[in-house]
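using only what follows, build the 3D model:
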Amino acid sequence: MTSRRRDCCAYFSALGLAALVTGLVPGLVPGLASAAAPAVQAKAGPLILVVGDSLSAEYGLARGQGWVALLEQRLKDKKLPQRVLNASISGDTTSGGRARLGALLSQHRPSIVIIELGGNDALRGLPLASSQDNLQAMTRAAKAAGARVLLLGMQVPPNYGASYGREFAGLFERVAKEEKTALTPFLLKGVADRPDALEWFQPDRIHPLAKAHPVMLELVWTSLRPLL
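Okay, the predicted model is just below:
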């Protein structure tokens, strides 16, 4: 087995182990506990709404270090008119996102919605069909409200099985294809699959360090830029 594969598998195995040991009970795994959404006021101008989980909620980071904050700074640096509202909640699932999206759309009327959900669905063993249905419903709701959509995909540890892994990764592709929306296939590409992957994650081996978030931003930016 190559060093790259060992490190990548070690990261994903640690991810799966944390889920199994705690049973994914909120409060037992850092970053998987539910938290209140940030109280952010939308400003005038086109709004980008981010609905995600701990990967987008700056879990374990100083404020301003996460990829969403870096995105907002990039928009300002480029003097683009879009603002960003980060409505991400650590531990959220696709069903949770679906339940709260309607109110967010009505209140903030975003021009673009970025959906970064699904990882916690897999860790909790929720049916893939339900996850796909939730993502599809969220996408359709955002489009009906006049927003363009960007889906951010995720992958699962190899101990879930090759077939499950393919099906899980494929659900993001299916939703994006059926709904004709933009897609970033794997938000942690270039981080979780590095030869030194474990050096890019917090001690829990689940949440990326601050230095990983610029890499995540570049992936998101590639898909987001055509929508601006």
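
lowest-confidence helix or strand of this structure?
helix 3-22 (a mean of 42; mean pLDDT, DSSP states H and E).

immediately after that helix, which helix or strand?
Once the chain leaves helix 3-22, the next helix or strand it forms, by DSSP states H and E, is strand 47-52.

starting from that following strand, tell me which strands it pairs with and how they run.
Sheet pairing here is set by DSSP bridges, and for strand 47-52 it gives strand 83-86 (parallel), strand 112-116 (parallel).

buried residues in it?
Within strand 47-52, the residues that count as buried by 16 or more other Cβ atoms under 10 Å are 47-52. C-beta: built from backbone N, CA, C; applies to glycine.

most widely separated two among these?
Maximum pairwise distance in the buried residues of strand 47-52, criterion Cβ to Cβ, is 15.6 Å, between L47 and G52.

now A212, what's its secondary structure?
helix (DSSP: H, G, I helix; E, B strand; the rest coil).

which residues does it contact?
The contact partners of A212, taken as Cβ atoms under 8 Å, 6 or more residues apart in numbering, are 188, 191, 200-201.

most neighbours, which of those residues?
The residue in these with the most neighbours, by other Cβ atoms under 10 Å, is L188 (24 neighbours).

name the element that residue belongs to?
According to DSSP H and E, L188 maps onto no helix or strand at all.

what residue ranges in this protein score low on pLDDT?
Counting by pLDDT under 70, the chain shows low-confidence ranges at 1-43.
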